[in-house]
Structures are given as structure tokens and as C-alpha cells.
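Undergrad: The following block contains a protein sequence and its predicted model.
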Amino acid sequence: MRITFLGTGTSHGVPVIGCACGVCRSTDPRNKRSRASVLVETHGQTLLIDVAPEFRLQAVAHNVHHADAMLLTHAHADHIGGLDDVRIFSERSGRHFPIYGPSAALARVRERFDYAFRKTQIGGGKPRLDLHAVVRPFHIKTLRVEPLPVWHGRLKVFGYRLGSFAYITDVSKIPEATYPKLKNLDVLVLDALRHQPHETHFHVARALEEARRIGAQKTYFTHLCHLLEHRKTQAELPKNVFLAYDGLRLMLPEPA
Ligand SMILES: [Zn+2]
Ligand SMILES: [Zn+2]
Ligand SMILES: [Zn+2]
């Protein structure tokens, strides 16, 4: 199973528009963060988790030629902004593009991208989407996907587990019932917005506590803002915790 971090930034992205701070002006490519999303290649399938506003640029930069389906964590703008661009996949395959996610988030997608669901003139211009509300573990062909319910402020959102990989972006609290689903992970990806606490996101100290409790072999932090300089922050982390960066690729065992 191969994981590609397409984006690792918080909702503003880094650099932030009009910001002249050291991180926003940094020439280290690891300090340039487009909005958060990952690509998972496994079981002969290519899946997106979320689709950032920069999706087209991310796909071109990382040679993403194809995607079979998408897992949606929640419908905040930074996680669905690039949805129109998945139309290339339904155009090529001739099939609707499946999106799996919490029903409330899918309802937002239906509102925000209403034109995709209305019958209008035939043209090349619309993504053809199939929305599948999920609650419990489900399969995409042979691949088992386990939703991981977590709190993002007052919003109930999903992370996802695929084999020994778990992706939890945008989280401020993990409910007790979700911890048993996080055992025996090779890789955990976790929200770590910045050093200062935040109402709807884990900050670095909290994410470290959670990483210790969950005990994955390796933990990668994502959804990072411009207050975290890559090299400096990485140097302060324990040896099995890493800051993710755009373009980072990880190889994991193929899920059963
Ligand atoms: Zn977000
Ligand atoms: Zn800045
Ligand atoms: Zn969010």
C-alpha cells in the first residue's frame, strides 16, 4: 500500500496570503503546504481521502493519473474545494465517481455542488458523483474501510482506517469508542495545527499525548499552519513522530 500526502496544510494553506513570516517566505519545500489530502494506492485501487482546493495542482505535481473513489472526512471548504476536478475521472471511466462519507457531510456536498446533481445540458463540464453515506466498516471491492468517528469542535467527522494505516485530520477529541479501532497501527496520521491550543483542532502537545496513547509504530502530523517551521519543529519531536509534508510517500504492508 502506498500513501502520498497531496497536501498537509491547514485551511489557509502555507504560505498564507499576504503573510511575510519566516515560514511563509521559507525556501524549504517542506514549508509549502497545500490543503490536506492523501492518496492511497492499494488492492489495485487508487483512493483519495478528501479533495483539497489545490487538487488539480496536486494531481499534476504528483502524477496522479487516476482515482477510483474518494473517502470524505467532512465538508469544510478545505476538504472538498477541488471536487469539481474529479470530473476527469468520471469522464475517462464513463462511470460515476463514488464518494463515501458521513451523511451530514454528503448533504453539504449536495448543496455546495448542486449543479452536479441537476439535470442540465449535456456538456463536459460536470463531475458525475455517486454519494454513499457510511457509518460502519464497508468494502470498496476487496478493500475494507473502517470509518473512525471523531469530534472536530462540535462537528462529528470521520477519520479512516485502511489496514494498518489510519488518517485522522481535523480532530479536537477522539471518543472512547474510537480508540479500540486504532490498535496495531503501522502509521497514524493526526491533526497538529500549531503549538497553541485551538477549539477545533489538536495542537502539537495534545497530538503528542494522543500519539503516545494510540501507540502506532509511526505517527505523522498534518493540517499544519504557518506557525510550525518544518526543520525546527521536527527536531523537537520524539523519534517515531514526524511532520508530514506535501509529496511525502510512505509504503505500508498491503491490507488483508
Ligand atoms: Zn481542515
Ligand atoms: Zn506566515
Ligand atoms: Zn475542518
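TA: It's in. Residues are numbered from 1 along each chain as shown. Ligands and ions are numbered 1, 2, ... in the order given.

Undergrad: Closest to the centroid, which residue in the protein?
TA: The chain has residue 37 as the residue nearest its centroid, 3.5 Å off, counting by CA atoms, centre = their mean.

Undergrad: what residue ranges in the stretch 1-150 of the chain score low on pLDDT?
TA: Segments of the stretch 1-150 of the chain classed as low confidence (criterion: pLDDT under 70) are 122-124.

Undergrad: does the residue nearest to the centre of the chain really touch residue 9, like I thought?
TA: No - checked against CB atoms under 8 Å, the pair residue 37 and residue 9 is beyond contact range at 9.9 Å. Quick note: C-beta positions are derived from backbone N, CA and C, even for glycine.

Undergrad: Looking at the stretch 151-256 of the chain, which residue is nearest ligand 2?
TA: Using CB to the ion, residue 226 is the residue of the stretch 151-256 of the chain that sits closest to ligand 2, at 3.5 Å.

Undergrad: Please, which helix or strand holds that residue?
TA: Residue 226 is part of no helix or strand when elements are defined by DSSP states H and E.

Undergrad: do the same with residue 208
TA: Using DSSP H and E, residue 208 sits within helix 204-214.

Undergrad: What of residue 104?
TA: Element membership for residue 104 (DSSP H and E) is helix 103-112.

Undergrad: That helix near ligand 1 at all?
TA: No - interface with ligand 1: helix 103-112 contributes nothing (CB under 5 Å from the ion), its closest point being 12.1 Å away.

Undergrad: Who are the packing partners of the longest strand along the chain?
TA: Looking across the chain with DSSP state E, the single longest strand is strand 143-152. With contacts taken as 3 or more CB pairs under 8 Å, 6 or more residues apart in numbering; DSSP states H and E, strand 143-152 sits against strand 138-140, strand 155-162, strand 165-168.

Undergrad: residue in the stretch 1-150 of the chain nearest to ligand 1?
TA: Per CB to the ion, residue 78 is where the stretch 1-150 of the chain lies closest to ligand 1, at 4.3 Å.

Undergrad: repeat for the stretch 101-250 of the chain
TA: Closest approach of the stretch 101-250 of the chain to ligand 1 (CB to the ion) occurs at residue 170, with a separation of 4.5 Å.

Undergrad: Got the phi and psi for that residue?
TA: Reported as degrees, to the nearest 10, the phi and psi values for residue 170 are phi 50, psi 80.

Undergrad: Quick check: pLDDT value at it.
TA: Listed pLDDT for residue 170 reads 97.

Undergrad: Grab the nearest non-local neighbour of it.
TA: Closest residue to residue 170 in three dimensions, ignoring its sequence neighbours and counting by CB to CB, 6 or more residues apart in numbering: residue 152, at 4.5 Å.

Undergrad: ok, the one you found - how many residues close by?
TA: By the criterion of other CB atoms under 10 Å, residue 152 has 22 neighbours.

Undergrad: Need the pLDDT of it.
TA: You'll see residue 152 listed with a pLDDT of 98.

Undergrad: what residues does the stretch 101-250 of the chain put near ligand 1?
TA: Residues of the stretch 101-250 of the chain lying near ligand 1 by CB under 5 Å from the ion: residue 170.

Undergrad: Which residue would be the closest one in the stretch 101-250 of the chain to ligand 3?
TA: Per CB to the ion, residue 170 is where the stretch 101-250 of the chain lies closest to ligand 3, at 3.9 Å.

Undergrad: and the gap between residue 250 and residue 48?
TA: Residue 250 is 16 Å from residue 48, where distance means CB to CB, to the nearest Å.

Undergrad: Show me which of the two is the more surrounded one.
TA: The neighbour count for residue 250 versus residue 48, taken as other CB under 10 Å, is higher for residue 48 (26 against 18).

Undergrad: OK, contacts around residue 32?
TA: With contact taken as CB atoms under 8 Å, 6 or more residues apart in numbering, residue 32 is in contact with 14, 15, 26, 246.
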